[in-house]
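A.B. asks: Please work out how this folds:
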Amino acid sequence: MLESHSLSVLSPPNLLSEPAPTPSLPPAAFRSLELNSRREVVAYLDRLNTASPVATRQVARWGSEGSDSLKIRAVAMPARYAELGAFMGESRTTFAMSIDARREAPAAAPYSIGVLLSGSMRIHHGSLGERVIRAGEGVIVNPSEIERTWLEADTHLVEFMLPKSPMLSLGAEWAPGSLTGLPQFEPRLDPGLAQRLHFMAHEAMQAVPLAEEAGDGRFRRWLELIGLTLLHEQAVRNAVQARLRAPEPPPAAVRRALDFIDAHVAADIMLADIAAAANLSVSSLGRMFNRHLGQSPAALLRDLRLDRVRDELRRGSAMSIRELALRWGFQSASQFSQAYQRRFAEKPSEARARG
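C.D. replies: Numbers count the residues shown, from 1 in each chain. Take a look at the predicted model:
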């Protein structure tokens, strides 16, 4: 199971116990835990820190004596994503708690999305600084970017995990050639979007027990809907178009280079051709792309070409994968296949089969 710096105390399901059935959740879908003393809370956090050592969770400030409690419910992922641990959890704490990163979370650790039903919390993002989240609002973070989470006393938080692999594919569909890698979202979610995501996650959770018996298609469709909703409605910091519309957009030379790349993506162009169109030297072109777009010209061109290949595969192109790879500028089928899997988290043959 991947180690995770979650927003709260969402834990590996094996640390929780089987609950009595309740009307709100399928009885087989979730596990629960209720702790009603400081000693029990500290012992549980110690076990959780051992089981998930990427972060240290500790009580920052107790409530009134005799009223400290921690209540948790967690739903495991279906088999397809079992190594990620829990899918959705709900926690209620009467005490303030801090969660500090001890080391960087694995790159594959899923996005963590929290919806704050009551109370307040703060997160400190590695590059964006602090964000304050209040009741009704939500937050989405990449665990590898977050340094600290602080939950105030009397906080009621619902949290769910969004695997990253579908986001690679969805990001390419949403904005071909636009994203420089995985989406980097603005962390704070406004109340309207937070509540819609909460509803979608609840519906996905209802599909978890069915996923083991009838395939995980319904669960995956809900994950895709959550991902597409975020891509359409939440600010994405590493989207090329977002950078072009920023208060300080890239210089005209970068925009000229982008226009040239877009118009000649299928042609056999070199970095020198792109630099000439932008009226820049090759070295200046590389520096300006990295500074303003966070990506090299060659990487952007490769991503655009991969997006076009994917479109052809899904439309049922009669060309072989090797022929498509050569047509779009890749020197070998193996080089192309590796680049394709890095971008879309699937093999070219899988895209064709689903087309």
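
A.B. asks: which residue packs closest to residue 198, ignoring adjacent ones?
C.D. replies: residue 115 (4.5 Å; Cβ to Cβ, 6 or more residues apart in numbering). C-beta here means a position set from N, CA and C on the backbone, and glycine is covered the same way.

A.B. asks: how's this protein carved up into domains?
C.D. replies: Annotated domains of the chain cover 13-163+187-233, 240-354 [automatic domain parsing].

A.B. asks: could you dump these to CSV with mean neighbour count and mean pLDDT?
C.D. replies: Output for the domains of the chain, formatted as CSV (neighbours: other Cβ atoms under 10 Å; pLDDT from 0 to 100):
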stretch, mean neighbour count, mean pLDDT
domain 13-163+187-233, 18, 83
domain 240-354, 16, 83
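
A.B. asks: could those domains go into JSON lines alongside distance to residue 170?
C.D. replies: JSON lines is the format used below for the domains of the chain (distance: least, Cβ to Cβ, whole Å):
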{"stretch": "domain 13-163+187-233", "distance to residue 170": "5"}
{"stretch": "domain 240-354", "distance to residue 170": "10"}
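
A.B. asks: Is it correct that residue 148 is in contact with residue 123?
C.D. replies: Yes. Contact criterion Cβ atoms under 8 Å: residue 148 and residue 123 qualify, at 7.1 Å.

A.B. asks: quick one, which of the domains of the chain is nearest to residue 169?
C.D. replies: domain 240-354 (4.8 Å; Cβ to Cβ).

A.B. asks: what about residue 64, distance to residue 38?
C.D. replies: According to Cβ to Cβ, to the nearest Å, residue 64 stands 11 Å off from residue 38.

A.B. asks: can you check residue 72 too?
C.D. replies: The gap separating residue 72 from residue 38 is 16 Å, by Cβ to Cβ.

A.B. asks: same check, this time on residue 131
C.D. replies: 29 Å.

A.B. asks: same check, this time on residue 234
C.D. replies: Distance, residue 234 to residue 38, using Cβ to Cβ: 38 Å.

A.B. asks: and the residue nearest to residue 344 when sequence neighbours are not counted, what element?
C.D. replies: Counting by Cβ to Cβ, 6+ apart, residue 344 lies nearest to residue 169, which is 4.8 Å off, once chain neighbours are set aside. Element membership of residue 169, judged by DSSP states H and E, is helix 165-174.

A.B. asks: now what about that helix, what contacts it?
C.D. replies: The list of residues contacting helix 165-174 from outside it, by Cβ atoms under 8 Å, 6 or more residues apart in numbering, reads 108, 111, 178-179, 182-183, 220, 223-224, 227-228, 231-232, 303, 306-307, 310, 343-346.

A.B. asks: Does anything pack onto the helix or strand that comes right after it? Which helices or strands?
C.D. replies: Downstream of helix 165-174, the next assigned helix or strand under DSSP H and E is strand 188-189. Applying 3 or more Cβ pairs under 8 Å, 6 or more residues apart in numbering; DSSP states H and E, we find strand 188-189 packed against strand 138-141.

A.B. asks: So in that sheet, which strands flank the strand it packs on, and in what orientation?
C.D. replies: Strand partners for strand 138-141, identified by DSSP bridges, are recorded as strand 111-118 (antiparallel), strand 188-189 (antiparallel).

A.B. asks: just the angle between the first one and helix 165-174, please?
C.D. replies: The reference is to strand 111-118. Taking axes from the mean of the first three to the mean of the last three Cα atoms, to 10 degrees, one finds strand 111-118 and helix 165-174 inclined to each other by 100 degrees.
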